[in-house]
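Student: Let's see this in three dimensions:
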Amino acid sequence: MFSLSFFAAVVAASPPVVPPAPRIECDAAMLDRARQRIEAKAEPFHSYWQLARAEAVEGLSLTPKPYLGRDALAFHGEAQTQGIAARLLAYQWRLEDDAAAGAHAVALLDGWASAMPL
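Tutor: Modelled structure (predicted):
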């Protein structure tokens, strides 16, 4: 009896569990500031964007094809590769108004979202 009442008191005294807020890497205002700094060739934004943009361009060659095999490491590797490429392509779309990059980012994500597991 004591253990149940103690447990009830602990639960009642505990703060409510709040689910974590979604993680947002950056918002529209941050992207607008980054775009202005990149266009002005302000450092380090300009140099870093050139490096990231080169990786985004490589992402355009990826075929939207999720890994559906049983190897967890292969799944993780492919998901990470295509996920990073999709994020960089989305940045390219937003920072440079590159419609092809945006469309390919959507295609990569859609390929994974519509995949049928084993």
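Student: Residue 53 reaches residue 92, doesn't it?
Tutor: Yes: assessed by Cβ atoms under 8 Å, residue 53 is found in contact with residue 92 at 6.2 Å. From N, CA and C alone the C-beta is placed, and that goes for glycine too.
Student: more crowded one of these two?
Tutor: Comparing residue 53 with residue 92 by other Cβ atoms under 10 Å, the one with more neighbours is residue 92, at 24 against 18.
Student: So for the longest helix seen in the chain, mean pLDDT?
Tutor: Among the segments of the chain that qualify as a helix by DSSP state H, the longest is helix 72-96. For helix 72-96, mean pLDDT is 91.
Student: That helix packs against which elements?
Tutor: helix 28-39, helix 45-59, helix 99-113 (3 or more Cβ pairs under 8 Å, 6 or more residues apart in numbering; DSSP states H and E).
Student: can you tell me which of those comes nearest to residue 79?
Tutor: Between residue 79 and these, the shortest gap by Cβ to Cβ is with helix 99-113, which sits at 6.9 Å.
Student: Which residues belonging to that closest one are considered buried?
Tutor: Within helix 99-113, the residues scored as buried using 16 or more other Cβ atoms under 10 Å are 101-102, 104-106, 108-109, 111-112.
Student: Next: stretch 63-71.
Tutor: Within stretch 63-71, the residues that qualify as buried are 64, 66-67, counting by 16+ other Cβ under 10 Å.
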